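Peer 1: fold the following, please.
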Amino acid sequence: MEEIKINIIIAERPYRLAVDPAEEEKVRRAASFVNDKINQYAKSYAFKDYQDLLAMAALQFATSTMQYESELTYSEQHLKQKLNDLDTLLSTQLENK
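Peer 2: Below you'll find the model as predicted:
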């Protein structure tokens, strides 16, 4: 599929991006989310320029991503263990027949 050009604004700066049409809404929502975080930090903290706010938002997003990855890894390991337990139980039941 061919990419489309969109304009987004992050931290009061415009950016022209080429995106897949199926991803356009996701990119626009992500930009809005970043701007919301920047505005929250702007209201709560002193800052020299938007780079300070962008750095704080980036740190928060990175921390959240790492937390989600950790939770996902735990869930996957837990699911694998449960599936192995179920497989063992079923194998045992089939052997006893």
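Peer 1: next, count neighbours for the residue lying closest to Glu12 once chain neighbours are set aside.
Peer 2: Once flanking residues are discounted, Glu12 sits nearest to Tyr50: 6.7 Å by C-beta to C-beta, 6 or more residues apart in numbering. (Glycine included, C-beta is placed from N, CA and C.) Using other C-beta atoms under 10 Å, Tyr50 has 16 neighbouring residues.
Peer 1: what packs against the lengthiest helix in the chain?
Peer 2: Criterion DSSP state H: the longest helix present in the chain is helix 50-95. Helices and strands touching helix 50-95, by 3 or more C-beta pairs under 8 Å, 6 or more residues apart in numbering; DSSP states H and E, are helix 24-44.
Peer 1: and with 10 Å instead?
Peer 2: Counting contacts by 3 or more C-beta pairs under 10 Å, 6 or more residues apart in numbering; DSSP states H and E, helix 50-95 packs against strand 4-10, helix 24-44.
Peer 1: list the buried residues for the longest one?
Peer 2: The neighbour-count check on helix 24-44 (16 or more other C-beta atoms under 10 Å) flags Ala31, Val34, Asn35, Lys37, Ile38, Tyr41 as buried.
Peer 1: check the shortest one too.
Peer 2: Buried residues in strand 4-10, defined by neighbour count with 16+ other C-beta under 10 Å: Ile6, Ile8, Ile10.
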